[in-house]
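Novice: Everything below, folded, please.
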Amino acid sequence: MRKHVLGPAAALAILALPLAACQTDTAAGPATGAAGGAVAGAVIGGPVGAAVGGVAGAAAGGVLSADESTRVRTYIVAQRRPSIRMQEEVMVGQPLPARVRLFPVPRSVGLSSTYSYTVVNGQRVLVDPATREVVEIIP
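Specialist: As a prediction, the model looks like this:
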């Protein structure tokens with residue numbers, strides 16, 4: 001039987017992500033998630049834990065409140081846009097290629113900022129139209 005041993009960074013990532021995700025203010029976004037994750041990681045693993053926790057916290061924090069997320073999801077689903085297939089994994093903070101068509105989210109949806117959206121690999125993706133950067137993946 002093989003024994004699998006996690007390295008210190010992997011162990012910290014596993015511990016820091018649930019702690020960083022426990023943020024209650026989802027409207028605060030990735031910056032607050034990064035700060036909270038860094039604190040949680042530092043408590044667990046010192047400076048290395050702070051770095052790992054900060055990344056995990058930024059990934060867990062979103063730009064939309066729960067209410068905004070529901071409105072955007074409802075709008076996007078009603079539009080019935082086809083899903084684009086991409087080899088690359090869609091990740092928050094990464095820009096989408098120019099070949100991916102973006103659709104504006106109208107003001108009537110009630111978001112505090114201007115965003116576009118698309119559907120990539122079956123995932124609803126909220127995008128900053130100026131940079132094409134993925135800001136949130138809508139569940």
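Novice: Please, where are all the strands along the chain?
Specialist: Secondary structure of the chain (DSSP state E): strands at 103-104, 116-120, 123-128, 133-138.
Novice: Tell me the helices and strands packed up against the last one.
Specialist: It stands for strand 133-138. Applying 3 or more CB pairs under 8 Å, 6 or more residues apart in numbering; DSSP states H and E, we find strand 133-138 packed against helix 66-79, strand 123-128. Where you see a C-beta, it was placed from the backbone N, CA and C, and this is true even at glycine.
Novice: Just say which of the ones you listed is most tucked in.
Specialist: strand 123-128 (a mean of 20; mean count of other CB atoms under 10 Å).
Novice: How about residues contacting it?
Specialist: 63-64, 72-73, 76-77, 83, 90, 96, 102, 105, 115-119, 133-139 (CB atoms under 8 Å, 6 or more residues apart in numbering).
Novice: Identify whichever of the helices and strands packed on strand 133-138 lies nearest to residue 109.
Specialist: helix 66-79 (5.0 Å; CB to CB).
Novice: Specify the angle between the closest one and strand 116-120 in degrees.
Specialist: On the basis of axes from the mean of the first three to the mean of the last three CA atoms, to 10 degrees, helix 66-79 is oriented at 60 degrees to strand 116-120.
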